[in-house]
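**Student:** Return a 3D structure for these sequence lines:
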Amino acid sequence: MLLEAFLGQLRRAVIPGVHAGVRTDNLAAMRFFERHGFQELSRVPLMRRDDGLLLLAAVLGLRLNGEE
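**Tutor:** Numbering: from 1, shown residues only. Coordinates of the predicted model:
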């Protein structure tokens, strides 16, 4: 609901698109944004954990106002 309200405001302001960043291991967040039409654009290094594992962030994007 909050996201839909925000996206509605962006559309009314004729904003062409929006991005979101999500850790790739946060599957619930990834699915949430995908359900709202966001597509993964890229993955970028985010941080290295103490055990050496490199965490990634997915950059997600959504085009607004029907622009291609």
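**Student:** going forward, measure contacts and count neighbours with C-alpha atoms only.
**Tutor:** OK.
**Student:** Show me where this structure has its helices.
**Tutor:** 2-12, 27-35 (DSSP state H).
**Student:** Determine which of those approaches R63 most closely.
**Tutor:** Of all the helices of the chain, helix 2-12 sits nearest to R63, with 9.8 Å by CA to CA.
**Student:** What is the neighbour count of the residue nearest to A20 when sequence neighbours are not counted?
**Tutor:** Distances taken as CA to CA, 6 or more residues apart in numbering put L60 closest to A20, at 5.1 Å, once the chain neighbours are dropped. For L60, the neighbour count with other CA atoms under 10 Å is 20.
**Student:** Look up how far I15 lies from L60.
**Tutor:** Separation of L60 from I15 (CA to CA, to the nearest Å): 16 Å.
**Student:** hmm, back to that, beta partners for the residue nearest to A20?
**Tutor:** A20, E40 (DSSP bridges).
**Student:** wait, isn't it in contact with R35?
**Tutor:** No: at 12.0 Å, L60 does not count as touching R35 under the criterion of CA atoms under 8 Å.
**Student:** I'd like the helices of the chain as TSV, with mean neighbour count appended.
**Tutor:** Putting these into TSV (neighbours: other CA atoms under 10 Å) gives the following:
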stretch	mean neighbour count
helix 2-12	12
helix 27-35	14
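**Student:** How far off centre is stretch 51-66?
**Tutor:** 6 Å (CA atoms, centre = their mean, to the nearest Å).
**Student:** can you start the count at 21 instead of 1 from here on
**Tutor:** Okay, using 21 as the starting number, the last item reads as stretch 71-86.
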